[in-house]
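In: quick check, what structure comes out for this input:
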Amino acid sequence: MNSYNINKGIGRTVEFKGLKAQYLFIFAGGLLGVLVLVMVLYIAGMGSYACIGIGGGGASLLIWQTFAMNKKYGEHGLMKVAARKRHPKYILSRRRIGRFVRSNLKKETP
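Out: Here you go, the predicted model:
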């Protein structure tokens, strides 16, 4: 029977078979989602071979993409990409400063 070390020490991130941090949650949640999808399709009356094909294809796609993202972005890369998308590339201000101050003063006075 194989035994795998999941955590290598205190203060280090969780790693399993090369997957680190949030990729483990994506991996586990995705596999659970594929399993639920296959069960729903089977209960709905789809053929068993079609369900197995969809489940196997979905699981293999999920595994491939998760390991590819892990390799491309690294441990904290997905958080950095998400933060970069939320920040504007540049800020435009086409109003003169005096006009901006006057409009703010009008808002403050009752």
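
In: CA only for contacts and neighbour counts going forward, please
Out: Fine.

In: any low-confidence regions in the chain?
Out: Low-confidence segments of the chain, defined by pLDDT under 70: 5-11, 92-110.

In: so where do the helices sit in it?
Out: 22-44, 48-73, 77-86, 97-108 (DSSP state H).

In: among those helices, which is nearest residue 15?
Out: helix 22-44 (7.9 Å; Cα to Cα).

In: in that closest one, what counts as buried?
Out: 22-24, 27, 30-31, 34-35, 37-38, 41-42 (16 or more other Cα atoms under 10 Å).

In: same question for stretch 73-92.
Out: 75, 78.

In: just the C-alphas of it, formatted as PDB.
Out: The C-alpha atoms that make up stretch 73-92 are tabulated as PDB, following Å, rounded to 0.1, in the frame of the first residue of the first chain:
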ATOM      1  CA  TYR A  73       1.200  30.200 -12.100                       C
ATOM      2  CA  GLY A  74       2.800  28.600  -9.100                       C
ATOM      3  CA  GLU A  75       1.700  28.600  -5.500                       C
ATOM      4  CA  HIS A  76       0.300  32.200  -5.300                       C
ATOM      5  CA  GLY A  77      -0.100  32.900  -9.000                       C
ATOM      6  CA  LEU A  78      -3.800  32.600  -9.200                       C
ATOM      7  CA  MET A  79      -4.300  35.200  -6.500                       C
ATOM      8  CA  LYS A  80      -1.900  37.600  -8.200                       C
ATOM      9  CA  VAL A  81      -3.700  37.200 -11.600                       C
ATOM     10  CA  ALA A  82      -7.100  37.800  -9.900                       C
ATOM     11  CA  ALA A  83      -5.700  40.900  -8.100                       C
ATOM     12  CA  ARG A  84      -4.100  42.200 -11.400                       C
ATOM     13  CA  LYS A  85      -7.500  41.900 -13.100                       C
ATOM     14  CA  ARG A  86      -9.200  44.000 -10.400                       C
ATOM     15  CA  HIS A  87      -6.800  46.900 -10.700                       C
ATOM     16  CA  PRO A  88      -7.300  49.500 -13.400                       C
ATOM     17  CA  LYS A  89      -4.400  49.700 -16.000                       C
ATOM     18  CA  TYR A  90      -4.500  53.500 -15.800                       C
ATOM     19  CA  ILE A  91      -6.700  56.300 -14.400                       C
ATOM     20  CA  LEU A  92      -8.100  59.000 -16.600                       C
END
